[in-house]
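Participant: I need the structure of the sequence given here:
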Amino acid sequence: MLEKLRSRWVKIGIVVVGLMLVAGMVLPYFLDADRYRPTIASAIEEATGRKAVVGKIQARLLPSPGFSVDGFQLSNPPGFAEGNLLEVETVRGSLTWGAIFGGELKLTAVELVKPKLTLLEDDREGTNYSFEETPRRAKGRPADAEESSLQLSAIEEVELTDAEVVVGRIVRGRKPVNTLRATNLNATLRNVVIAPLDVKQWESVVSLDGVKLELEGWKEPFEFRSGELKLEQSKLSTEFRGRMGKAVDVDGNLTLADVERGVPVFELRTPQLDVDELLAAQRESAPSAPRPVRKSELATQGRVKADRIRWQKYAGNNATAEVRLFTDRMELWPVQMQAYGGTVQISARTDRSQTPERFSANVQIRGLDLAGLAATDPATKGKISGTGELDLQLIGSMSEAWEKTLSGTGKFTIREGRLPGLNLGQALQTVAGALGVGKAFGSETPFRTITGDLSVGGGRAASREILLDSPQGTVKLQGSFGLDGTLDYNGEVTLVPGTSGSVETPADAIGSLLGTVLKKKVMRASVPIAIGGTFSDPKVRPGRGRPRFETSTPQQTGTTQQQQPKKPSILDLFKRP
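Facilitator: Residues are numbered from 1 along each chain as shown. Sure thing, here's the model as predicted:
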């Protein structure tokens, strides 16, 4: 008897469960869930102060009460440019069972399929993502209307599937300009407190694998290869690995102590940075909307490190940079790098409030091996040696013709080197040949120091005075070189004959022969020169003016001597035709 009773109850239970399953699958087709659409839209508008567009709603009972919405839009705030802060292709939500029996409509979970979040700032310091602390009543809703039974106080779980985030700026009369676009985002947010909005309660762990970042001004996106982002107790942290085209592989991390008020701090590391590939990855510049002029505030800061940097034929090692990004500018304080036996240090700043952006930089170079630097290019290999120093201040514009916008001042020093391609004696070699001295002299110039000033502008670097101190004599030059490598200098070579009496240099030869002719000892010979050509092929030729020779005793002068006809002189060789 007991067994029959149990069997009967089992059958009844199976029938009840079956009826419930059938009801759960069939009843949603007879329930008019779409009638809640105005209620839901009204609740969202009250909570956010934005216009909400809710698509067709379908209900479900199993495995838990819920609904799906075919499309959702949340607009930008009133007074902002037209558009939407949030667009979602499909929304799926789960409700508490109490909602079925006339209780409070409370969301327990929401899935947003292909959501697009667009975060914009305008030229009036406004944003479309700022919410008022006190939610406004929906536009057109009567003050005495019955409050909605749907409460958006908190959602236990929000799942984002194939999400997209766009960050940009907008200026009145222009279309929005995207500065960043992130795609392929998948995330799960927990304990999402909405009303009142409390991001500090939110929690999430997001996989970055496969996420792509498109940045303004770059042809190729930054692709995350691995990594995850954590949000917990208002603190955000992430570690990742990624790549931007062929230019650079990056390992990095980022932390944000307070997602509401903090400043992100990052660290980026790469084994090699190819500057040529990085420049090639930049998008061709086009006229864009000016950046909104906003109060200067620190947006993010961090450190960048590259084990090796390559640019054209040149390379450097152990490069580091301290970076600070503000709302109106970027600062690098400083960039440090080892290169060719020396150190390079650059402090720079860009002004983002101008179009095109302006920049300034202080460059300091110490202990640079010029022979090693010149050896990187066959055209300049063997043209110079010595240890170089440079101090230079520059300003310019970040445009296609940036070379022509450069201006600045500086100074340089080169110590203990040689100029194999420049022969100071060449300036007096013609004199030596005319006097019958057939001895060939060296084809290079050793020097103790070369010092000079620099003034940059118009695509050239000019110097008021360059002084070369050599065992063979001295050189004073003024002129300029172009950023294309061309040379245009004029000056004077001063050679001092030796005291031994032997003929070792052109100055010795000229001093000996002129001493015989003039019956006086030549102490110094000065010849004007001009230097043209290029860095890889400098050309030395006689300059304007006549050579000057200083003797040990004053030359006799008088009225009779001045009235005598001028006789041909060897100095006439240096006259221009």
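
Participant: Quick one: distance of stretch 455-463 to the chain centre.
Facilitator: Computed by Cα atoms, centre = their mean, to the nearest Å, the chain-centroid distance of stretch 455-463 equals 25 Å.

Participant: same deal with stretch 182-194?
Facilitator: For stretch 182-194 - counting by Cα atoms, centre = their mean - the centre lies 29 Å from the chain centre.

Participant: Need the contact partners of that stretch.
Facilitator: Outside stretch 182-194, the residues within contact range by Cβ atoms under 8 Å, 6 or more residues apart in numbering are 47, 152-166, 199, 201-207, 210-214, 231. C-betas here are computed from N, CA, C, even on glycine.

Participant: please redo it, this time with the cut-off set to 7 Å
Facilitator: 47, 152-165, 201-204, 206-207, 210-213 (Cβ atoms under 7 Å, 6 or more residues apart in numbering).

Participant: for stretch 449-458, same thing?
Facilitator: 392, 394, 404, 406-415, 461-469.

Participant: In contact with the most centrally placed residue in the chain, which residues?
Facilitator: In the chain, the C-alpha nearest the mean C-alpha coordinate belongs to residue 330, at 8.7 Å (Cα atoms, centre = their mean). Residue 330 sits next to 349, 350, 352 when contact means Cβ under 7 Å, 6+ apart.

Participant: confidence score at the first one?
Facilitator: Residue 349 carries a pLDDT value of 91.

Participant: again with the last one
Facilitator: The model reports residue 352 with a pLDDT of 72.

Participant: Does it touch residue 328 like I think?
Facilitator: Yes: the criterion here is Cβ atoms under 7 Å, and residue 352 meets it with residue 328 at 5.6 Å.

Participant: Can you show me the helices along the stretch 351-500 of the chain?
Facilitator: 370-374, 402-405, 426-434 (DSSP state H, counting those that start in this stretch).

Participant: Same check on the chain?
Facilitator: 2-30, 37-48, 275-280, 370-374, 402-405, 426-434, 506-518, 559-563 (DSSP state H).

Participant: hey, where'd the strands end up in the stretch 401-550 of the chain?
Facilitator: 407-419, 445-457, 460-470, 473-482, 487-495, 522-533, 538-542, 548-551 (DSSP state E, counting those that start in this stretch).

Participant: still on that earlier bit, which ones among the contacts of residue 330 are found in strands?
Facilitator: Counted as lying in strands by DSSP state E, out of the contacts of residue 330, are 349, 350.

Participant: Out of the contacts of residue 330, flag the one nearest to residue 306.
Facilitator: The shortest gap between residue 306 and any of those belongs to residue 350, at 19.3 Å (Cβ to Cβ).

Participant: show me the contacts for that closest one.
Facilitator: Per Cβ under 7 Å, 6+ apart, neighbours of residue 350: 329, 330, 357, 358, 359, 398.

Participant: Among those, which one sits closest to residue 180?
Facilitator: Closest to residue 180, out of all of the contacts of residue 350 and judged by Cβ to Cβ, is residue 330, at 15.1 Å.

Participant: how far away is the closest one from residue 490?
Facilitator: Residue 330 is 41 Å from residue 490, where distance means Cβ to Cβ, to the nearest Å.

Participant: same deal with residue 395?
Facilitator: When distance is defined by Cβ to Cβ, residue 395 is 28 Å away from residue 490.

Participant: now swap in residue 349 and tell me
Facilitator: With Cβ to Cβ as the criterion, residue 349 and residue 490 are 37 Å apart.

Participant: Can you lay out the strands of the stretch 401-550 of the chain as TSV showing distance to residue 248, mean pLDDT and mean neighbour count?
Facilitator: Shown next, in TSV, are the strands of the stretch 401-550 of the chain (distance: least, Cβ to Cβ, whole Å; pLDDT from 0 to 100; neighbours: other Cβ atoms under 10 Å):
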stretch	distance to residue 248	mean pLDDT	mean neighbour count
strand 407-419	29	93	17
strand 445-457	29	92	18
strand 460-470	30	93	17
strand 473-482	31	90	19
strand 487-495	36	87	19
strand 522-533	38	80	19
strand 538-542	37	80	16
strand 548-551	58	72	16
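
Participant: got these as TSV, with distance to residue 384 columns?
Facilitator: Shown next, in TSV, are the strands of the stretch 401-550 of the chain (distance: least, Cβ to Cβ, whole Å):
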stretch	distance to residue 384
strand 407-419	6
strand 445-457	9
strand 460-470	12
strand 473-482	13
strand 487-495	13
strand 522-533	13
strand 538-542	10
strand 548-551	28
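
Participant: nearest to residue 35, of those?
Facilitator: Comparing the strands of the stretch 401-550 of the chain by Cβ to Cβ, strand 407-419 comes nearest, at 70.1 Å.

Participant: The closest one pairs with which strands, parallel or anti?
Facilitator: If you go by DSSP bridges, strand 407-419 pairs up with strand 387-397 (antiparallel), strand 445-457 (antiparallel).

Participant: Many thanks, we can stop here.
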